[in-house]
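Participant: when you get a sec, could you give me coordinates for this:
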Amino acid sequence: MFGNLFKKLARKSVEPHRFIVAQLNARIQPMHRGEFFEDPLAAELKKHAIGIVSGGGTMQNPSGEIEYCDIEIELSGSAPETLKQIVEILESLGAPKGSKLKLEADGSEVAFGVCEGLAVYLNGTELAPEVYEACDSNFVYSELDRLLEGAGRVLSYWQGPTDTAFYLYGASASAMRDRISDFLDSYPLCQGCRIEQIA
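Facilitator: Residues are numbered from 1 along each chain as shown. Below you'll find the model as predicted:
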């Protein structure tokens, strides 16, 4: 009880407009959030002396699949140029379209993002048993990443109760789909897979 109270009091002692949340429209696990966004952002914030990463989180839907992730940022100042600089950093890291900065002070939001996203869902229950015995989802992951070189990359994955998802991000969803379509049509484990645009 007192720990929560002290935390709230400490938070109020700092100017509230200095806190923002970068909500990334990216379906990525916490470790991938750190690798691709959080750690590089922290390094850039320190380099330019404009703030620090103070936390992060992941939002899941009832099935357990990730919907989006957050990076909490404490700014050194509140100038509009600082927000613009943070957006530029995140977009240079490949932040997906549909992302937004949420300003704690007034609840306003700043939309940003440059990359489009695809989710490829492998059917994990309805294929012939010999397909699951002979094929490997790790090979699908690495092959998708190889085929996307120059057009995108696989940022993360999710293992659900009935399917496995791979999350692909790049400049163009249609270009990524073209790169991987032949493989998805030919590899047995990809039979009946589902593809959704997610950004």
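Participant: in stretch 27-35, what's buried?
Facilitator: 27-29, 32-34 (16 or more other C-beta atoms under 10 Å). All C-beta atoms are positioned from the backbone trio N, CA, C, and that covers glycine.
Participant: tell me which of the residues you listed fall in strands.
Facilitator: Secondary-structure check on the buried residues of stretch 27-35 using DSSP state E: no residue lies within strands.
Participant: closest to residue 94 among those?
Facilitator: residue 28 (10.8 Å; C-beta to C-beta).
Participant: how about the closest one, what does it touch?
Facilitator: By C-beta atoms under 8 Å, 6 or more residues apart in numbering, the residues touching residue 28 are 36-37, 66, 69, 155-156, 167.
Participant: for residue 89, state which of these is nearest.
Facilitator: Checking the contacts of residue 28 one by one against residue 89 (C-beta to C-beta), the nearest turns out to be residue 37, at 9.5 Å.
Participant: in contact with the closest residue to that closest one other than its chain neighbours, which residues?
Facilitator: Of all residues not flanking residue 37 in the chain, residue 93 sits nearest, at 5.5 Å (C-beta to C-beta, 6 or more residues apart in numbering). Neighbour list for residue 93: 36-37, 40-41 [criterion: C-beta under 8 Å, 6+ apart].
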